[in-house]
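> Task: produce atomic coordinates for the following.
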Amino acid sequence: MDQSNPISRRTRAITCVIPALDESVVTMRIMKFGAIAFADALRVRDTIRIIKEQHAKDPSVVVVCSALPGITDALLRAARAAAHGGEQEADIARRELWNRHRQIAEKLVTDEWEREMLFQRLAEQLKQLDRMTRAMATLGEYSARGIDAIASLGERFAALIIAVILRQSGVAAQMIDATELIVTDAHFGVARPYLDESFTKISERLLPMLQAGIIPVVTGYTGATRNGVVTTLGRGGGDYTAALIGAAVNATEVCLWTDVDGILTADPKIVPAAKPLPELSYAEAAEMATLSGSEILHLRTLMPLATRGIPLRIANVHSPEQPGTLVTALPTPTHASGAIISTRGLALIAASSSSLPTYEDAWTAELAATVTARLSHAGIETLLAHQSELDRTLMVIVRQPDATYTKEIFEQSFGKDYNVTLHPTVALVSIISAVHGTLLPSLAMYALGRAQINHIASSRSLHGAYVSFVLPDESVASAVQILHSDLGFAST
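Residues are numbered from 1 along each chain as shown. Presented below is the predicted three-dimensional model:
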């Protein structure tokens, strides 16, 4: 491949050093289900059917679970509220965690003994939540370590229920906590796995189960330090869990089950004519992962799979018969790869100084770096950041559940001499298209201008393969529709 090609550079960038493969390890399929697969009892029933159908074709199956929709965010809110004396918020999260899982279990777990054992295990997890939130309320503060312990409960609840329902339906299954499999550093919120140790644990724990005909139902998103302290892997951590397991055992395929037919040329809720992209290379998928803020998939998910050459499929739980998008090392040469990625549910926080600074003006590049480091340490994903020493400003884009705490960090760091503002509803719209080359930014800007859509900020690649715009949320639908039409994605 041409060394000057930016896609070639990205391919090299997403590889990682992973342990040598044990050739005796059997192959298997890893099925990771996103939150939408567990939204209610009907969705869970459909998910169980998909697992059973795959298991009938290939008995070597590992299931990786996300938490139910909204549960992780509710748990994080509860932790932060408890530290500020908000016991009511913690109680709301506790009731939501219990009620939503209880409703699913009561509808789908008909075996009385299994249901009773399940409720006992869920009650034990709730007691753990109570202990942690009370400790935070007593201390009046919360740590990243405490937040990880609380955030991990959502996946644990989901995996417990799925394992029980599979057993009841005649398939041997066992819930496995990923803290037994993935060994990480102590960077709570965005922990990094130690690959050698993790791969050894994964193989030693899961392979005997598979040889015995048991489906491991693994909690996504979580790991543990060498001392056994719970950690989380950050946004997209569930997908990363599946990729690590797949790489450890040289899986035939890793499949991420979502609510769309793979990666599409645009959000089908905005552009009904959006088309699925049947194939992508690892490099093209990496570009989209970088721009989507892990909305589609996370760059880390691709790293171990690209190194091993393991295909990644993105499929739809609502239409499992559709092939979805297959990410491989060598897709068909004529495949289409352009897309418009819209990420909503975001907020913009900015700090700015006066136009005429005082002698005590505290702005330095080091201060800005300290603020972004604090956000990272707190496990807050920054989708876009911009700083300017010329006008002494720092702007970040984060997800809405993290907006209030991000604003607090800004205010504590910059002090009263800076104006800290919060724009609670913005979105990020990114266009990736190698076909348009260096003309892409100009063409995209012209399309938005023609539609009289003003952007708040923009970012582009040096080689022109992508451009991103920060927009008011209310402008997203119009922007995506006009860009999809004017840039020719409709005819892809």
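> Glu366 and Arg392, how far apart?
Separation of Glu366 from Arg392 (CB to CB, to the nearest Å) stands at 13 Å. The way it works is simple: take the backbone N, C-alpha and C, and place the C-beta from them, glycine included.
> quick one, which of those two is more surrounded?
Arg392 (21 against 8; other CB atoms under 10 Å).
> Got the phi and psi for that one?
Backbone torsions of Arg392, given as degrees, to the nearest 10, read phi 50, psi 60.
> That one touches Ala350, doesn't it?
No. If you go by CB atoms under 8 Å, Arg392 and Ala350 don't touch, sitting 11.2 Å apart.
> if you average pLDDT over the lengthiest helix in the chain, what comes out?
What stands out as the longest helix in the chain, according to DSSP state H, is helix 112-139. The average of the pLDDT scores along helix 112-139 is 90.
> what about the chain, any weak spots by pLDDT?
Under the criterion pLDDT under 70, the flagged ranges of the chain are 1-27, 291-295, 334-337, 354-363, 434, 437, 462-464, 491-492.
> Outline the domain layout of it.
6-16+27-333, 341-491 (automatic domain parsing).
> Is Thr382 in contact with Ile397, as I believe?
Yes. Between Thr382 and Ile397 there is a contact under CB under 8 Å: 6.9 Å.
> Now do the same for Ala93: helix, strand or coil?
Under DSSP: H, G, I helix; E, B strand; the rest coil, Ala93 falls in the helix class.
> Neighbour count: Thr382 and Ile397, which is higher?
The residue with more neighbours, out of Thr382 and Ile397, is Ile397; 27 against 16, by other CB under 10 Å.
> which phi and psi does the more buried one have?
Ile397 adopts backbone torsions of phi -110, psi 120, taken as degrees, to the nearest 10.
> Sort out which residues of the longest helix of the chain are buried, please.
Residues 114-115, 118-119, 122, 125-126, 129, 132-133, 136-137 are the ones in helix 112-139 that count as buried (16 or more other CB atoms under 10 Å).
> start to end distance for stretch 36-46?
In stretch 36-46, first residue to last residue: 11 Å (CA to CA, to the nearest Å).
> hmm, who's touching it?
The contact list for stretch 36-46 (CB atoms under 8 Å, 6 or more residues apart in numbering) reads 47, 65-69, 103-104, 107-108, 158, 161-162, 165, 257-259, 317-318.
> make it 7 Å
47, 68-69, 103-104, 107-108, 158, 165, 257-259, 317 (CB atoms under 7 Å, 6 or more residues apart in numbering).
> So Arg156 belongs to a helix, correct?
Yes. Counting by three-state DSSP, Arg156 is part of a helix.
> residue contacts, the residue lying closest to it once chain neighbours are set aside?
Distance criterion CB to CB, 6 or more residues apart in numbering; nearest residue to Arg156, sequence neighbours excluded, is Thr219 at 5.4 Å. Residues in contact with Thr219 (CB under 7 Å, 6+ apart) are 65, 155-156, 159, 177-178.
> now the strands for the stretch 251-400 of the chain?
253-258, 279-281, 312-316, 325-328, 339-352, 384-388, 393-399 (DSSP state E, counting those that start in this stretch).
> so what secondary structure elements neighbour the fifth one?
Okay, so that is strand 339-352. helix 282-292, strand 393-399, helix 403-414, strand 419-432, helix 476-486 (3 or more CB pairs under 7 Å, 6 or more residues apart in numbering; DSSP states H and E).
> Distance to Ser143 for these - can I get that in JSON lines?
Formatted as JSON lines, the helices and strands packed on strand 339-352 follow (distance: least, CB to CB, whole Å):
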{"stretch": "helix 282-292", "distance to Ser143": "30"}
{"stretch": "strand 393-399", "distance to Ser143": "20"}
{"stretch": "helix 403-414", "distance to Ser143": "14"}
{"stretch": "strand 419-432", "distance to Ser143": "24"}
{"stretch": "helix 476-486", "distance to Ser143": "36"}
